[in-house]
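> got a predicted structure plus its sequence, pasted below:
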Amino acid sequence: MTSYKELGLVNTKELFEKAMKGGYAVPAYNFNNMEQMQAIIQACVETKSPVILQVSSGARKYANQTLLRYMAQGAVEYAKELGCEKPQIVLHLDHGDSFELCKSCIEMGFSSVMIDGSSLPYDENIALTKKVCDFAHSQKDYVTVEGELGVLAGVEDDVSAEESHYTRPEEVQDFVSKTGVDSLAISIGTSHGRCKFKPEQCTRNADGLLIPPPLAFDVLEEIEKKLPGFPIVLHGSSSVPHEYVEQIEKYGGKIPDSVGIPEEQLRKAAKSAVCKINIDSDGRLAMTAAIRKVFVENPSEFDPRKYLGPAREELKKMYMRKNIEVLGSASHLD
Ligand code: G3H
Ligand code: 13P
Ligand code: ZN
């Protein structure tokens, strides 16, 4: 049994209180390997931003939960070595699907967990989420819990749904009061992955690029009215930058019909009660674009550092830009 405080990590409570007052969102970036972790920490130290390091079920299978937990501990020391006196790093379980998994992460030193019961009937979602909250909140050091209401379309390993449905504003107060969650993930039109909308849901601009329909800001406003001052979370918030899609295809990749959430909509959301914005796919695209370029331009290259290095640089550049221009979390470290 390890408490996250012994590892130098923090939970989300104060970070979200500050983000709510400051009109910005804390970045939640997924990581699966050392280069992603380094890029996230370098970017957040340089932009003076708090950060949530997220571990998904795919990451746990790929990299091992124990190893990722030790990497997060290493991330705290790494941030200090890079000159950050008081890093504010959360280690968060992304899309936890059972009480047992949340418990095992908490006992290992995670400072925050998500219990995703969004695909369950409402009452079962409440019961499961409450059970996780009761356990997480009774720890010596309070562990924060994110719940979810509403369904995002898309596949994320074990959590999948064919169709999305928006969060029902009339349910949120009841859900929060019955479960005790510290933050709530909602569905207002985002989804996971690089194809957030079907082409037939979009229009096209003069260059033929897909323009997605806007997020349901009216639903977000209704939710804010029902839960004043309560931290809201947006999943599926990659923008799927066109320059990465273009670079991947230029160097032999095939990723048709890619479309993300426009950055100005995320900026608008970050100014509202949305305190946490989840981004994974954009990191995958940035890495893939950089690696494909090296492979095509230098076919004889076989040293992983020569392609993972540029990928890490591109990732860092992207995270810095997100913190500064999209989420607004830059310069918000104490
Ligand atoms: O929540 C979704 C993330 O993109 C994680 O996906 O389980 O394939 O790592 P993953
Ligand atoms: P993206 O696929 O849009 O990056 O969403 C990531 C996410 O929500 C992780 O939980
Ligand atoms: Zn998600």
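All right, it came through fine. Ligands and ions are numbered 1, 2, ... in the order given.

> I'd like the distance between residue 184 and residue 118.
Between residue 184 and residue 118 the distance is 10 Å, computed by C-beta to C-beta, to the nearest Å. Backbone N, C-alpha and C define where each C-beta goes, glycine included.

> between the two, which contacts overlap?
148-149 (C-beta atoms under 8 Å, 6 or more residues apart in numbering).

> need the three-state assignment for the residue with the largest distance to the centre of the chain.
Most distant from the centre of the chain: residue 300, at 35.7 Å, with distances by C-alpha atoms, centre = their mean. Here residue 300 is coil, with the state taken from DSSP: H, G, I helix; E, B strand; the rest coil.

> compute the number of surrounding residues for residue 189.
By other C-beta atoms under 10 Å, 23 other residues sit near residue 189.

> in contact with the nearest residue to it once chain neighbours are set aside, which residues?
Closest residue to residue 189 apart from its sequence neighbours, by C-beta to C-beta, 6 or more residues apart in numbering: residue 215 at 4.4 Å. With contact set as C-beta under 8 Å, 6+ apart, residue 215 has these partners: 188-190, 261, 265, 269.

> run through the stretch 151-300 of the chain and note the low-pLDDT ranges.
By pLDDT under 70, the weakly predicted segments of the stretch 151-300 of the chain are 153-164.

> which residues are contacting stretch 259-270?
Applying C-beta under 8 Å, 6+ apart, the external contacts of stretch 259-270 come out as 23-25, 190, 194-197, 199, 202, 210, 212, 214-215, 217, 220, 234, 236-241, 277, 281-282, 325-328.

> identify the residues contacting residue 241.
Residue 241 makes contacts with 260, 282, 285-286, 318, as judged by C-beta under 8 Å, 6+ apart.

> what is the nearest of these to ligand 1?
Checking these against ligand 1 with C-beta to the nearest ligand atom, the nearest one is residue 282 at 10.2 Å.

> does that closest one belong to a helix or a strand, and which?
helix 281-297 (DSSP states H and E).

> that helix near ligand 2 anywhere?
Yes - using C-beta under 6 Å from any ligand atom, helix 281-297 comes into contact with ligand 2 via 281-282.

> gap between the next helix or strand along the chain from that helix and the chain center?
Per DSSP H and E, helix 281-297 leads on to helix 304-321 as the next helix or strand towards the C-terminus. Here helix 304-321 shows a centroid-to-chain-centroid distance of 18 Å under the convention C-alpha atoms, centre = their mean, to the nearest Å.

> other SSEs contacting helix 304-321?
In terms of contacts (3 or more C-beta pairs under 8 Å, 6 or more residues apart in numbering; DSSP states H and E), helix 304-321 is packed against helix 34-46, helix 281-297.

> buried ones in the last one?
By that I understand helix 281-297. 281-294 (16 or more other C-beta atoms under 10 Å).

> between these, which is nearest ligand 1?
When those are compared against ligand 1 (criterion: C-beta to the nearest ligand atom), the nearest one is residue 281, at 6.2 Å.

> the closest one is in contact with residue 191, isn't it?
No - with contact defined as C-beta atoms under 8 Å, residue 281 does not count as touching residue 191 (10.2 Å).

> could I get the pLDDT score of the residue in the chain that ligand 1 sits nearest to?
Nearest residue of the chain to ligand 1 (C-beta to the nearest ligand atom) works out as residue 58 at 2.6 Å. Predicted confidence (pLDDT) for residue 58: 96.

> report how many residues lie close to it.
Neighbours of residue 58 (other C-beta under 10 Å): 16.

> over to the one 4 residues further on?
Each residue near residue 62 was counted by other C-beta under 10 Å, and the total is 11.

> quick one: contacts for it?
The contact partners of residue 62, taken as C-beta under 8 Å, 6+ apart, are residue 32.

> please, which helix or strand holds it?
Per DSSP H and E, residue 62 falls inside helix 57-63.

> tell me the buried residues in the helix or strand just after that helix?
Downstream of helix 57-63, the first helix or strand assigned by DSSP H and E is helix 65-81. Neighbour counts over helix 65-81 (16+ other C-beta under 10 Å) mark 65, 68-69, 71-73, 75-76, 78-79 as buried.

> hang on, the earlier thing: pretty sure the residue of the chain closest to ligand 1 contacts residue 33?
No - counting by C-beta under 8 Å, residue 58 sits too far from residue 33 to count as a contact (11.9 Å).
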